[in-house]
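Colleague: Predicted model and sequence follow; I will ask about them next.
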Amino acid sequence: MRGAAAVIGLLALLLAPLSIARAGPFSNWAAVVVAGDYHAHSGGPTEAFDNARRDVSKTLVALGFDKSAIQQLSARPKRYAAEAPGRADARTLHDTLRTAARAANAGCLFYISSHGGPDGALLGEELLRPHLLAAMLDDACPNRPSVVVISACFSGVFIPPLQKTDRLILTAARADRASFGCGESDKYPYFDTCFLDAAPDAHDFAVLGARVRACVAAKEKETGAEPASEPQLWIGAALRPLLPLYAFERAPPRTP
């Protein structure tokens, strides 16, 4: 019996490094992906934000995030019963961030696709203000690397309150600019389209952010959308040299 136990223990030690290597750098990261609104810029309904929520979540899994660690919120969750997202409101968002970060405690990712203005981004019937989001993330994800992506008009307003040395922030626009692609017939906003298009060839979030910015600029020029939204990328000093270690596992499949 002692001999068998020793063999089992030795096998466990030998196999553990392989298991860790296979897990990948994002396997123990929490992620919350939010569709904050369902209205087009015309006031009519649009699926663009929920399409982004759904397909960004799928892409994160392909990049190495654990599917069970990704939580989704929607401004109209009952419409998507099969996906079972939570409701997009401030209380649910904070609770979801904390619960997800307790279960997966290596890092945090937050992504929202919504309308925005100079004071913040729409979160259901509420306004998600930059300082409120900063407080939520600081509470749920302290002292760990984090990635924050804000796909909304004027989303650059989020950068100053969210800045931390271990955080990367990617926004769809400058603080004083609108973003584009929120019509009733749009599949995704321009920024989310570019995030999904750029992900297959990106090595890490820094490369992905740079490629998203270039893609948005090209798409806006092609469609005549102006003034240019100028997506913003900010990377904290402590996280920047570590980003190459947070390499994506593989290129994600694109939804047809």
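Modeller: Thanks, I have the structure now.
Colleague: For the stretch 1-150 of the chain, which segments count as helices?
Modeller: Taking DSSP state H, counting those that start in this stretch to define them, one finds helices in the stretch 1-150 of the chain at 2-23, 48-63, 90-103, 130-140.
Colleague: Show the average pLDDT along the third one.
Modeller: Over the span of helix 90-103, the pLDDT mean works out to 98.
Colleague: Show me what that helix is packed against.
Modeller: On a contact count with 3 or more C-beta pairs under 8 Å, 6 or more residues apart in numbering; DSSP states H and E, helix 90-103 meets strand 29-35, strand 70-74, strand 107-113, strand 126-128, helix 130-140. Yep, even glycine has a C-beta here, placed from its N, CA and C like the rest.
Colleague: tally of neighbours for A82?
Modeller: Number of residues near A82 (other C-beta atoms under 10 Å) recorded here: 4.
Colleague: Now it: phi and psi?
Modeller: With angles defined as degrees, to the nearest 10, A82 sits at phi -70, psi -30.
Colleague: ok but D192 is inside a strand, no?
Modeller: No. Under DSSP: H, G, I helix; E, B strand; the rest coil, D192 falls outside any strand and is assigned helix.
Colleague: Pull the contacting residues for it.
Modeller: By C-beta atoms under 8 Å, 6 or more residues apart in numbering, the contact set of D192 is A48, N51, A52, D55, V56, S113, S151, G181.
Colleague: per-residue confidence at it?
Modeller: We have a pLDDT of 98 for D192.
Colleague: got it, and R254?
Modeller: For R254, the pLDDT comes out at 50.
Colleague: same question, A210
Modeller: Listed pLDDT for A210 reads 97.
Colleague: Not counting sequence-adjacent ones, nearest residue to it?
Modeller: Nearest residue to A210, sequence neighbours excluded (C-beta to C-beta, 6 or more residues apart in numbering): L233, at 6.6 Å.
Colleague: quick one: secondary structure of the one you found?
Modeller: Going by three-state DSSP: L233 is strand.
Colleague: ok, now how distant is it from L239?
Modeller: Using C-beta to C-beta, to the nearest Å, one gets 12 Å for the distance from L233 to L239.
Colleague: what touches both of these two?
Modeller: Taking C-beta under 8 Å, 6+ apart as the criterion, L233 and L239 both touch L168.
Colleague: These two: who's more crowded?
Modeller: Neighbour count, other C-beta under 10 Å: between L233 and L239, L239 has more, with 20 against 16.
Colleague: give me every residue that touches that one.
Modeller: By C-beta under 8 Å, 6+ apart, the contact list for L239 reads P145, T165, D166, R167, L168.
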